[in-house]
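Visitor: Starting from these lines, generate the structure:
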Amino acid sequence: MPYQRGKEKTWWYRFRFGGRIVHESSKSQSLTVAREAERQRRRELEEKWNHIQKRTLPPTFEKAANEWQAGREGRFAPSTLNIGRVSIMHLTPQFGEKLLCDITHCAIIKLAESQASDQTIMSIAGHVSRAMLEHYNHIRMAAKRVALDAISTPLPESPAGGKLADFSEDVHQNCNQTGNAQNGGASKLLN
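Guide: From the prediction side, this is the model:
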């Protein structure tokens, strides 16, 4: 209940909370401000009493990664910290502004498409096994097929009439010299 006090006619409020009397100044000469200050103070005490915390947004990847890295300082070797810094540097362009809860399997697929290493993908996704990583490998298989198709295309003709580079005979000869022709593995692959 607000009331005025002193020569300056400052409004104060008094109420009982948790078995105690709260008696504080609103530091204002306005009754409306005093009522609002009393209401906010009562609400603040109720939230603390009942352990109510305001919800906050989950952090972005960049903020969470930097906090994680800062928490490791002094507990890990400098080379280990450097590995973390480099990993964060590579991942920030891909995930930097995303909330941690927004990094889903679609984001992991995009990461796989960007030719990130298996270890990097596994550490970000939290997958411990390679079996789960194979789930995302269909993306890479498409990239491998494109690369193999590029290799298998015939070479263009040179102005002299022959192929620009035909190393198949040289490769076959090198395989025979190194002893790989005994098992026939490399020569079968290359011919």
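
Visitor: and the closest residue to residue 97 other than its chain neighbours, backbone torsions?
Guide: Leaving aside its chain neighbours, residue 97 sits nearest to residue 60 (5.8 Å; criterion: C-beta to C-beta, 6 or more residues apart in numbering). Glycine gets a C-beta too; all of them are placed from N, C-alpha and C. Dihedral pair for residue 60: phi -70, psi 160, per degrees, to the nearest 10.

Visitor: Next one, pLDDT for residue 60 please.
Guide: Listed pLDDT for residue 60 reads 88.

Visitor: Could you tell me which residues make contact with it?
Guide: By C-beta atoms under 8 Å, 6 or more residues apart in numbering, the residues touching residue 60 are 96, 97, 98, 99, 100.

Visitor: Closest to residue 41 out of the residues you listed?
Guide: Distance to residue 41, by C-beta to C-beta, is smallest for residue 99 among these, at 33.5 Å.

Visitor: In contact with that closest one, which residues?
Guide: Applying C-beta under 8 Å, 6+ apart to residue 99 gives the contacts 57, 58, 59, 60, 61.

Visitor: Closest one to residue 131 out of those, please.
Guide: residue 61 (25.3 Å).

Visitor: Against residue 85, how distant is the closest residue to the closest one other than its chain neighbours?
Guide: Leaving aside its sequence neighbours, residue 61 sits nearest to residue 95 (C-beta to C-beta, 6+ apart; 4.0 Å). Residue 95 is 15 Å from residue 85, where distance means C-beta to C-beta, to the nearest Å.

Visitor: Thanks again, I'm all set now.
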